[in-house]
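> Sequence plus predicted model, see below.
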Amino acid sequence: MQASTNYTGLAGYRHDSLPAAGVLLVNLGTPEAPTAKAVRPYLAEFLGDPRVIEYPRWLWMPILHGVILRVRPPRSAEAYAKIWTEQGSPLRVFSESLATGMQAELGRRHRGPIRVALAMRYGQPSVADTIAQLQREGVRRLLVLPLYPQYSATSTGSVLDAVADTLKTLRWPPELRIVNDYHAEAAVIDALAASVRAHWDAHGRGDKLLLSFHGIPERYFHAGDPYFCQCQATARLLRERLGMGEDELVVSFQSRVGRERWLHPYTDETVRQLATDGVRKLDVLCPGFAVDCLETLEEMAMQNRDFFVEAGGETLRYIPALNDQPAHIRALTDLALRHMQGWPEVADDYDPARATATLADAHRRASALRES
Ligand SMILES: C=CC1=C(C)c2cc3[nH]c(cc4nc(cc5[nH]c(cc1n2)c(C)c5CCC(=O)O)C(CCC(=O)O)=C4C)c(C)c3C=C
Ligand SMILES: [Fe+2]
Ligand SMILES: [Fe+2]
């Protein structure tokens with residue numbers, strides 16, 4: 001049969017790849033440009049996700065497309081313009097740099113092929129495209145690591161939806177493992193504590209340390225979302241690691257959208273209250289964000305700083321996210337390796353000769369069968 005050699009070509013799979021393990025980092029996603037035109041499709045996908053907005057579709061979709069997507073994109077674009085860099089959106093730039101760092105770290109420490117890829121839950125590169133690309137590179141075992149330290153159905157849960165939707169379309173999905181959360185990961189807590197101490201060393205200690213996490217509607221918490229509890233646990237571990245008393249540290253929730261009640265206390269009200277209560281120097285850390293983004297750089301370090309100063313505060317010092325710091329790269333690489341235990345690619349005695357079949361092999365064998 002003459003067309004048989006096209007099997008592999010048609011599927012686009014490489015012939016020469018060894019089976020590999022893959023680490024799929026997934027972050028939220030960000031618009032392609034700081035313009036209303038680019039923000040609109042991003043928000044449409046994000047706010048159209050039933051994990052994010054739990055209202056009946058018939059009720060929500062007309063509101064989303066009739067009202068929200070007319071009003072919000074220009075405002076949102078204005079905020080993005082304030083933080084945009086020459087390389088693009090900070091969320092993308094830092095996430096890519098983190099992924100590159102983890103790839104290098106794994107390469108230094110492991111003989112087996114392990115590929116690190118970054119996907120975005122909304123926008124590009126999509127989870128589906130990235131998994132397809134990893135499969136073409138021979139990935140047969142996949143660890144999904146959403147870049148959300150605390151689990152929420154709205155964030156991590158939605159990443160799992162995207163992965164599940166992709167697997168449904170694959171004839172031979174990779175073996176799958178998933179990191180549900182890493183809110184209590186000791187090395188991450190250590191890295192956060194170290195960056196707070198470095199900030200204190202450079203700028204002096206503030207009157208209070210505020211830990212601000214992204215909020216979610218309180219209704220989701222009552223429905224069983226563990227996010228609030230995991231944020232509190234992260235905060236407690238960090239406080240203990242820093243040897244601080246309960247009265248020296250405050251937890252609050254930012255970025256609420258709409259009129260419904262969200263997790264309390266709200267960050268904007270908290271910074272105003274702290275200023276009113278006499279706090280002059282306020283240190284702020286956002287341990288729910290793996291990398292800096294609109295919500296930390298604009299909402300926290302600009303908007304909330306203004307609220308604090310307007311209410312009588314002196315300075316609000318935002319401590320950056322862990323981003324691509326070496327300690328963060330090491331912490332997440334260790335976490336990934338722990339979750340990959342038992343896979344041949346991470347074994348110390350990795351032997352390519354004993355490697356199992358790849359999709360490329362399967363297609364080659366199918367071709368050979370047709371020819372015989
Ligand atoms: C309206 C519902 C929203 C829920 C629920 C929500 C949960 C949630 N979000 C993050 C992380 C990020 N959110 C970011 C931006 C952002 N979030 C919402 C809405 C909800 N988030 C909107 C509409 C936006 C877009 C910006 C805006 O118009 O205000 C970002 C930053 C993205 C960037 O491009 O920089 C992150 C990161 C988490 C972790 C979470 C649940 C725990
Ligand atoms: Fe959000
Ligand atoms: Fe926001």
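It's in. Values in this document were obtained by computation on a predicted structure and should not be read as measured data. Numbering: from 1, shown residues only. Ligands and ions are numbered 1, 2, ... in the order given.

> Which residues of the stretch 201-350 of the chain lie near ligand 3?
Contact residues, the stretch 201-350 of the chain versus ligand 3 (CB under 5 Å from the ion): 255, 299. For glycine as for every other residue, the C-beta is placed from the backbone atoms N, C-alpha and C.

> how about the strands of the stretch 201-350 of the chain, start to end?
208-214, 249-254, 281-285, 315-319 (DSSP state E, counting those that start in this stretch).

> Would you list the phi and psi of residue 261?
phi -70, psi 130 (degrees, to the nearest 10).

> Can you tell me which of the strands of the stretch 201-350 of the chain is most buried?
Comparing these by mean neighbour count (mean count of other CB atoms under 10 Å), strand 208-214 comes out on top with a mean of 25.

> tell me what whichever helix or strand residue 361 is part of is packed against?
Using DSSP states H and E, residue 361 sits within helix 359-371. Judged by 3 or more CB pairs under 8 Å, 6 or more residues apart in numbering; DSSP states H and E, helix 359-371 is in contact with helix 6-11.

> Next secondary structure after the helix it packs on?
Counting by DSSP H and E, the next helix or strand C-terminal to helix 6-11 is strand 20-27.

> That following strand near ligand 1 anywhere?
No - under the criterion of CB under 6 Å from any ligand atom, strand 20-27 makes no contact with ligand 1; the nearest approach is 7.0 Å.

> just checking, what packs against that strand?
Contacting strand 20-27 under the criterion 3+ CB pairs under 8 Å, 6+ apart are the following elements: helix 90-109, strand 114-120, helix 127-136, strand 139-146, helix 158-168.

> do that again at 10 Å, thanks
Counting by 3 or more CB pairs under 10 Å, 6 or more residues apart in numbering; DSSP states H and E, the packing neighbours recorded for strand 20-27 are helix 90-109, strand 114-120, helix 127-136, strand 139-146, helix 158-168, strand 175-178, helix 326-339.

> Residue 320: which of those is closest?
helix 90-109 (9.4 Å; CB to CB).

> mind checking how far the closest one is from the chain centre?
13 Å (CA atoms, centre = their mean, to the nearest Å).

> and it with strand 20-27, angle?
For helix 90-109 against strand 20-27, the angle by axes from the mean of the first three to the mean of the last three CA atoms, to 10 degrees is 160 degrees.

> Not counting its neighbours along the chain, what's nearest the closest residue to ligand 3 within the stretch 51-200 of the chain?
Distance from ligand 3 to each residue of the stretch 51-200 of the chain (CB to the ion) is smallest for residue 79, at 7.2 Å. Among residues not flanking residue 79 along the chain, residue 298 sits closest, at 4.8 Å (CB to CB, 6 or more residues apart in numbering).

> That neighbour: what's it in contact with?
By CB atoms under 10 Å, 6 or more residues apart in numbering, residue 298 lies in contact with 76, 78-83, 90, 292, 304.

> List buried members of those by neighbour count.
Neighbour counting with 16 or more other CB atoms under 10 Å marks 76, 79-80, 83, 90, 292, 304 as buried within these.

> can you count the residues close to residue 186?
Other residues near residue 186 number 13, with proximity taken as other CB atoms under 10 Å.

> Which secondary structure elements does whatever helix or strand residue 45 lives in sit against?
Assessed by DSSP H and E, residue 45 sits inside helix 36-47. Helix 36-47 makes packing contacts with helix 57-63, helix 69-83 when contacts are defined by 3+ CB pairs under 10 Å, 6+ apart.

> angle of the longest one against helix 90-109?
Same thing as helix 69-83. Using the same axes, to 10 degrees: helix 69-83 against helix 90-109 is 60 degrees.

> Touching, residue 120 and residue 24? I think so.
No - the criterion here is CB atoms under 10 Å, and residue 120 misses it with residue 24 at 11.2 Å.

> which neighbours do these two share?
Shared contacts of residue 120 and residue 24 (CB under 10 Å, 6+ apart): 127, 130, 159.

> From ligand 1, how far off is the last one?
When you say that, I think you mean residue 159. Going from residue 159 to ligand 1 by CB to the nearest ligand atom, to the nearest Å gives 11 Å.

> show me the contacts for that residue.
Contacts of residue 159 by CB under 10 Å, 6+ apart are 24, 26-28, 51, 119-121, 127, 144-148, 178.

> And for the second one?
The neighbourhood of residue 130, defined by CB under 10 Å, 6+ apart, consists of 22, 24-26, 117-120, 124, 162, 166.

> from the chain's centre, how far out does stretch 24-36 sit?
11 Å.

> Next, the buried residues of it.
Neighbour-count burial for stretch 24-36 flags 24-36 (criterion: 16+ other CB under 10 Å).

> Tell me the one of the residues you listed nearest residue 252?
Out of those, the member with the shortest distance to residue 252 (by CB to CB) is residue 28, at 20.3 Å.

> roughly how far apart are the residue nearest to the closest one when sequence neighbours are not counted and ligand 1?
For residue 28, ignoring the flanking residues on the chain, the nearest one in space by CB to CB, 6+ apart is residue 121 at 5.5 Å. According to CB to the nearest ligand atom, residue 121 stands 10 Å off from ligand 1.

> quick one, what contacts residue 121?
So residue 121 contacts 26-29, 45-46, 49, 51-52, 127, 146-148, 155-156, 158-159, 161-163 (CB under 10 Å, 6+ apart).

> that older thread, any chance of the strands of the stretch 201-350 of the chain in a markdown table, plus mean pLDDT?
Formatted as a markdown table, the strands of the stretch 201-350 of the chain follow (pLDDT from 0 to 100):
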| stretch | mean pLDDT |
| --- | --- |
| strand 208-214 | 98 |
| strand 249-254 | 98 |
| strand 281-285 | 98 |
| strand 315-319 | 98 |
